[in-house]
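Student: based on what follows, work out the 3D shape:
(one chain, ligands or ions: 1)
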Amino acid sequence: MYRPVLTPLRHHHPQRWQESGARLLTPLTIWICVSVTLRFGYYGNRHMVLGPSSSRLFEASSVFVKQIEARDDAKKGVYLYGFSEKPELSLETNWSVSNYVIVGSYSRKGFSLWLNKGSRIRMRWEAHTSSLSQLQVSLIKGERDFETLLPTSTSSSDVQALNEPTKGREAEYTIEEDDKYYVGIVNANPRSIIMCRLSLLFPNTQFIIVNTPNNGDLGGWYIELSFVARVLTYVTILGFVVIFILLLMKYLGACDTESTYVGEPSVREITETDPLMREKPFRLPYGTGEEDQESGSSSSSEDLYDGKICVICYDEPRNCFFVPCGHCATCYDCAQRIMDGENKMCPICRRLIHKVLNLPPSPFPTLPILGHLYLLRKPLYRTLAQISARYGPVLYLRFGSRRVLLVSSPTAAEECLAKNDVVFANRPRLIAGKHLGYNYTTLPWSSYGQHWRNLRRISSLEILSSHRLQMLSSIRADEVRSVIRRLFRASEYQTVDMKILFFELMLNVMMRMIAGKRYYGENVEEVEETRRFRGIVEESLRLGDTTNIGDFLPFLRWVGLGLEKKLMALQENRDGFMQELIEQHRSVPNGAGSNDEFAEGKKKTLIQVLLSLQETEPNYYTDEIIRGLMLNEIDKKVGQNRLVNEMDIADLPYLRCIINETLRLYPQGPLLPHESSEDCMVGGFHVPRGTMLLVNVWAIQNDPNIWEDPREFKPERFEGLEGGRDGFKLMPFGSGRRGCPGEGLAMRMVGLALGSLIQCFDWKRAGKEMVDMREGTGLTLPKAQPLMVRSRPRPSMVNLLSQIM
Ligand code: HEM
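Tutor: Numbers count the residues shown, from 1 in each chain. Below is the predicted model:
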């Protein structure tokens, strides 16, 4: 006969206090953090009321406090004194700091400060970069009548200048004598008024005295002290505290899943109906319904409820949402049945349902805040391909705060890029596009709309049209010949770095088309300009490979500030460089290039074309639009050399097969980034507006269900295929209205370069090992190791080659 067995659950008693401990830990953590902040750091503003002729001493630790400012809005003449050693309170100084300074042309602004011996003062000033070279900052010891200082007269006899006027952004000085000092900003700019932010930073611990003058005003002095905290210190400490607490919780077992027994009796009956094994956790196809998780209860009916099973059929997982209440309670079929019935009510809240949203499935779990970021590894397209292989070709992911639709099958890709072409014609707004894409106004970054249409029209008609490509074909032929000449110099096998070779070839072709200039290889002049151009290209490559965490977790944007600053600096540099090229063209309209092929005006560089458009429509074709178009083209070429790594000539069908097979295995854009501008349906699922679409071209082009031996290099598989597209199975240049406009140019260039090199040279591997074909990190699928090969002129071609030398 069945006899109930009373079994003590061994962990229960300790677990109770573990639970209580864990609950206490949260307020404890907050309390510790708040106390640390209050005790040691000064964060935010402090208001004080001081009477006339009174003073107050503060001690600010330089570990926590970066900068101190006093606001005296009523301009009553409050003094702020700073010291690096604790001062006698009778010590007299006057010390003032200001934030923004407006300095007119040929004029100066300054501050008088008392600085004591041994302290160090660091000055930083920020202004628009174009103004920086016009600004000089000086630290001068002694009393001064500032207005007599001329921009160049900082070393006049009655003034002891501690330094030459400093240009740049920052200067630091050690003070050797207690005295009054003058910090002066001089604007040598003839035209504009310059707005500049000057910060004075004191690296050592500071003692500050706030003093009010005795001017008989008996009213209170409302003074605001701002302590600009060292955020990094706070975050580090907070990070340590959180890690410590988590470790403590882990040690206490508070994070164990068994803790769901909270509130149950310490003993419970084990019956014959109890499962022998613990229940398998049910996998929700996407992580939603937080409101359900919060309930934390575990009664049997709520098991079902928490188990994410449809509350109507008790069979299928819940996979849709009700609008407007947002509850996720049923499977899609049951939801449809509710919608078809008379009572269109949410089974949870009984509100009227207007619509049912059936979101695509999503891997479990979706973590709060992080979403699915925890799943991502480099290279991204491979990781995403694995996720799709496991969960399906249409997936709904969360990259931090961003909704992502991941598509990895030709049919789904077709639905996005053909059927919903217009809906997905936007690009996601990533931080890189803000800085490198002129605030999302260049062709690849701009949103779909009139501006994008205009740019696309200029690209297709003025820059990349067959007519223009034909006109500039001699440039490509010329540059390929120049490469052949370089290789031809050695009669026996020489080792060649193909990555550098193709990279330089492409950049030379592009820059000759854009500005009539070349920056690599033989006969390169204008050394400084060349050095600068190469620097820009290298930095673009470096930064192009990095991901900015702020794109997905906006509250962590400050973590990526370093990268963002680099992007901004790079953009300034690129912008300045391109503007100089434009100015050169303006001053010598027909012959700005070092080559005089454009001098007669028959052929035109891209800049010439755009400048003539500017004459007709000056408001639209601003210099900024022109710079954006120029930069955009260069960017595309930079990535292209990675794909150009083998064989033959443009009009030979087998060459086409080889190029197609290379682009299939190694698409330069392995993930096509788009964004939906409206709600739409893909694969029967609802996709909300503002969702980032990633079409995993790499996954589709390497899918074993679509391609036989997908990782094998088999050009024959494309025999009989016209062009570089095979439906949505092969689309290395994307598809739809945001597809690559440079396809024609790319195919001509690759065919020509490859064909010529094969025709003229014999090639061998550099060593015995096979060529390492692994992919490096980066969104454009670069090769991890540069392609090193050995080449020598083909004996049958030597005669011909000698003629082009
Ligand atoms: C083998 C060489 C190239 C490959 C594999 C390639 C591939 C791609 C891909 C996959 C896209 C994204 C398409 C989409 O989102 O659906 C793209 C966009 C683009 N490509 Fe290319 N490209 C190449 C060469 C070029 C060249 C030579 C240029 C210009 C001179 C160029 C200019 C552009 C531009 C401007 C866009 C953005 C178009 C838009 O957003 O409207 N590409 N390319």
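Student: separation between the closest residue to Arg725 other than its chain neighbours and Arg485?
Tutor: Beyond its immediate neighbours in the sequence, the residue positioned closest to Arg725 (C-beta to C-beta, 6 or more residues apart in numbering) is Met731, lying 5.9 Å away. Bear in mind the C-beta positions are built from the backbone N, C-alpha and C, glycine included. Counting by C-beta to C-beta, to the nearest Å, the separation of Met731 from Arg485 is 37 Å.
Student: tell me which of the two has more neighbours.
Tutor: Neighbours around Met731 and Arg485, counted as other C-beta atoms under 10 Å, are more numerous at Met731. The numbers are 27 against 14.
Student: quick one, what contacts that one?
Tutor: Residues in contact with Met731, defined by C-beta atoms under 8 Å, 6 or more residues apart in numbering, are 413, 697, 700-701, 725, 739.
Student: list buried residues within the residues you listed.
Tutor: Under a neighbour-count criterion of 16 or more other C-beta atoms under 10 Å, the subset of the contacts of Met731 counted as buried comprises 413, 697, 700-701, 725.
Student: ok, those residues vs the ligand, which is closest?
Tutor: In terms of C-beta to the nearest ligand atom, no member of these lies closer to the ligand than Val697, at 6.8 Å.
Student: residues near the residue nearest to that closest one when sequence neighbours are not counted, how many?
Tutor: The shortest distance from Val697 to any residue that is not its chain neighbour, by C-beta to C-beta, 6+ apart, is 4.8 Å, and that residue is Pro667. Under the neighbour criterion other C-beta under 10 Å, Pro667 is assigned a count of 25.
Student: now Pro667: which helix or strand?
Tutor: In this structure, Pro667 sits in neither a helix nor a strand according to DSSP states H and E.
Student: buried residues in stretch 736-751?
Tutor: Residues 736, 738, 740-743, 745-751 are the ones in stretch 736-751 that count as buried (16+ other C-beta under 10 Å).
Student: coming back round to it: out of the contacts of Met731, who's nearest Ser446?
Tutor: When those are compared for distance to Ser446 (C-beta to C-beta), Gly739 comes out closest, at 15.3 Å.
Student: quick check: closest non-adjacent residue to His451.
Tutor: By the measure of C-beta to C-beta, 6+ apart, the closest residue to His451 outside its immediate chain neighbours is Thr441, 6.7 Å from it.
Student: didn't Leu730 look like it was pressed against Gln701?
Tutor: Yes - using C-beta atoms under 8 Å, Leu730 is in contact with Gln701, at 6.1 Å.
Student: shared neighbours, these two?
Tutor: Listed as contacting both Leu730 and Gln701 by C-beta under 8 Å, 6+ apart are Arg664.
Student: my read: Thr691 touches Leu405, true?
Tutor: Yes - assessed by C-beta under 8 Å, Thr691 is found in contact with Leu405 at 5.0 Å.
Student: which neighbours do these two share?
Tutor: Contact criterion C-beta under 8 Å, 6+ apart; residues shared by Thr691 and Leu405: Ser676.
Student: got the buried residues for stretch 705-720?
Tutor: So, applying 16+ other C-beta under 10 Å, buried residues of stretch 705-720: 707, 715, 717-718.
Student: least trustworthy position among the residues you listed, going by pLDDT?
Tutor: Ranked by pLDDT, those bottom out at Pro715, which scores 87.
Student: can you classify the closest residue to that residue other than its chain neighbours by secondary structure?
Tutor: Taking C-beta to C-beta, 6+ apart as the measure, Pro715 lies nearest to Cys657, with 3.8 Å between them; neighbours along the chain are not counted. Using DSSP: H, G, I helix; E, B strand; the rest coil, the three-state assignment for Cys657 comes out as helix.
Student: what's Cys657 in contact with, if anything?
Tutor: For Cys657, the contacting residues are 715-719, 721, taking C-beta under 8 Å, 6+ apart as the criterion.
Student: for those, which one is nearest Ser796?
Tutor: Nearest to Ser796 among the contacts of Cys657: Pro715, at 24.2 Å, using C-beta to C-beta.
Student: for Arg792, grab phi and psi.
Tutor: Note on Arg792: backbone dihedrals following degrees, to the nearest 10 are phi -150, psi 150.
Student: who touches the closest residue to it other than its chain neighbours in this structure?
Tutor: Excluding its sequence neighbours, the residue lying closest to Arg792 (C-beta to C-beta, 6+ apart) is Tyr493, at 4.6 Å. Contacts of Tyr493 were listed using C-beta under 8 Å, 6+ apart, and they are 762, 764, 790-792.
Student: separation between Tyr493 and Trp31?
Tutor: Separation of Tyr493 from Trp31 (C-beta to C-beta) stands at 73 Å.
Student: circling back: for the residue nearest to Arg725, give its distance to the ligand.
Tutor: Shown here: Met731 relative to the ligand, a distance of 8 Å by C-beta to the nearest ligand atom, to the nearest Å.
Student: what does the pLDDT read for that residue?
Tutor: pLDDT recorded at Met731 is 95.
Student: which one of the contacts of Tyr493 sits closest to the ligand?
Tutor: Of all those, the one sitting nearest the ligand is Ser791; the distance, using C-beta to the nearest ligand atom, is 22.4 Å.
Student: quick one on the thing from earlier: among the contacts of Met731, which ones are in strands?
Tutor: The strands in this structure, assigned by DSSP state E, contain none of the contacts of Met731.
Student: any chance of those residues in a markdown table, plus pLDDT and distance to Cys349?
Tutor: Putting the contacts of Met731 into a markdown table (pLDDT from 0 to 100; distance: C-beta to C-beta, whole Å) gives the following:
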| residue | pLDDT | distance to Cys349 |
| --- | --- | --- |
| Ala413 | 97 | 38 |
| Val697 | 97 | 43 |
| Ile700 | 97 | 41 |
| Gln701 | 97 | 46 |
| Arg725 | 81 | 49 |
| Gly739 | 94 | 45 |
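Student: from the residues you listed, which is closest to Glu172?
Tutor: Val697 (50.9 Å).
Student: what residues are up against that closest one?
Tutor: When contacts are counted by C-beta under 8 Å, 6+ apart, Val697 touches 381, 413, 667, 669-672, 731-732, 734.
Student: residues from the stretch 651-800 of the chain in reach of the ligand?
Tutor: By C-beta under 6 Å from any ligand atom, the part of the stretch 651-800 of the chain that sits against the ligand consists of 668-669, 672, 732-735, 738-742, 745-746.
Student: a markdown table for these, including distance to Trp125?
Tutor: Shown next, in a markdown table, are these (distance: C-beta to C-beta, whole Å):
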| residue | distance to Trp125 |
| --- | --- |
| Gln668 | 42 |
| Gly669 | 42 |
| Leu672 | 43 |
| Pro732 | 48 |
| Phe733 | 47 |
| Gly734 | 45 |
| Ser735 | 50 |
| Arg738 | 42 |
| Gly739 | 47 |
| Cys740 | 44 |
| Pro741 | 43 |
| Gly742 | 42 |
| Leu745 | 45 |
| Ala746 | 46 |
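Student: pull the most distant pair out of the residues you listed.
Tutor: Farthest pair in these (C-beta to C-beta) is Leu672 and Leu745. Separation: 19.4 Å.
Student: show me the beta-bridge partners of the nearest residue to His354 once chain neighbours are set aside.
Tutor: Counting by C-beta to C-beta, 6+ apart, His354 lies nearest to Val323, which is 5.1 Å off, once chain neighbours are set aside. Per DSSP bridges, the residues bridged to Val323 are Lys355.
Student: wait, what's in contact with Val323?
Tutor: 353-357.
Student: and the residues you listed, which is closest to Arg574?
Tutor: Arg574 lies nearest to Leu357 out of the contacts of Val323, by C-beta to C-beta, at 43.0 Å.
Student: my guess is the closest one contacts Pro324, does it?
Tutor: No - between Leu357 and Pro324 no contact is recorded; they are 10.7 Å apart, counting by C-beta under 8 Å.
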